[in-house]
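Enquirer: Below is the sequence, then the predicted model.
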Amino acid sequence: MTDSTKDGVMEGVSATDALGTPAEVATLYHLLTKINRTLRTRGQSQNLSAGVASALWTIINHAPIRLSALAERESVSAPTMSRIAAVLEDRGYVERTPDPDDGRARLLNPTPAGIELIADSRTRRAQLLAEAIDSLDPADRMTVGRGVAILAGALGMTG
């Protein structure tokens with residue numbers, strides 16, 4: 001595989017290329033990472049870093065959640081997550097409430113502003129992805145869709 005592009009399309013990448021060697025798998029991983037990063041950065045709003053936006057998404061989808069559980073889900077240390085939560089709270093995207101099961105602990109809950117921010121960001125990223133897919137010819141659209149679905153299935157991802 002090559003890393004050159006022509007009109008935004010990768011040259012030298014063929015649907016029949018076998019991804020059997022470690023170098024080919026590493027190249028695919030690199031491309032998937034770059035695609036994800038591009039969608040995140042171009043679809044970002046309110047200047048949230050990827051880590052802060054990810055934490056907010058997790059809070060929205062798992063609220064109410066303790067800081068320790070959030071840190072575990074995000075695979076970061078508790079002190080790092082504490083700083084991230086403070087940023088989100090300072091910006092009005094989350095609020096801390098007492099944990100009814102443990103008066104010493106606090107639970108993180110999204111605010112309406114935090115929910116709206118993530119919803120708008122998802123919409124923008126989806127729009128960017130749709131524009132990129134729309135720029136492909138129909139056969140390539142089918143190939144991309146099928147390839148992503150197969151890969152997601154192989155990784156045990158559903159829906």
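Expert: Right, received. Where do you want to start?
Enquirer: how about the longest strand along the chain: buried residues?
Expert: Criterion DSSP state E: the longest strand present in the chain is strand 102-110. Neighbour-count burial for strand 102-110, counted by 16 or more other C-beta atoms under 10 Å, picks out Arg106, Leu107, Leu108, Pro110. In short, each C-beta sits where N, CA and C put it, glycine included.
Enquirer: Which one of those residues is nearest to Ile65?
Expert: The shortest approach to Ile65 among these belongs to Leu108, at 5.4 Å (C-beta to C-beta).
Enquirer: Now for the closest one: which residues touch it?
Expert: Applying C-beta atoms under 8 Å, 6 or more residues apart in numbering to Leu108 gives the contacts Ile59, Ala63, Pro64, Ile65, Arg66, Leu67, Leu70, Ala85, Leu88, Val94, Glu95, Arg96.
Enquirer: CSV for the residues you listed, including secondary structure and neighbour count?
Expert: Putting the contacts of Leu108 into CSV (DSSP: H, G, I helix; E, B strand; the rest coil; neighbours: other C-beta atoms under 10 Å) gives the following:
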residue, secondary structure, neighbour count
Ile59, helix, 27
Ala63, coil, 16
Pro64, coil, 16
Ile65, strand, 21
Arg66, strand, 16
Leu67, helix, 17
Leu70, helix, 23
Ala85, helix, 22
Leu88, helix, 24
Val94, strand, 27
Glu95, strand, 15
Arg96, strand, 16
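Enquirer: Let me know the average pLDDT across stretch 52-69.
Expert: Averaged over stretch 52-69, pLDDT sits at 95.
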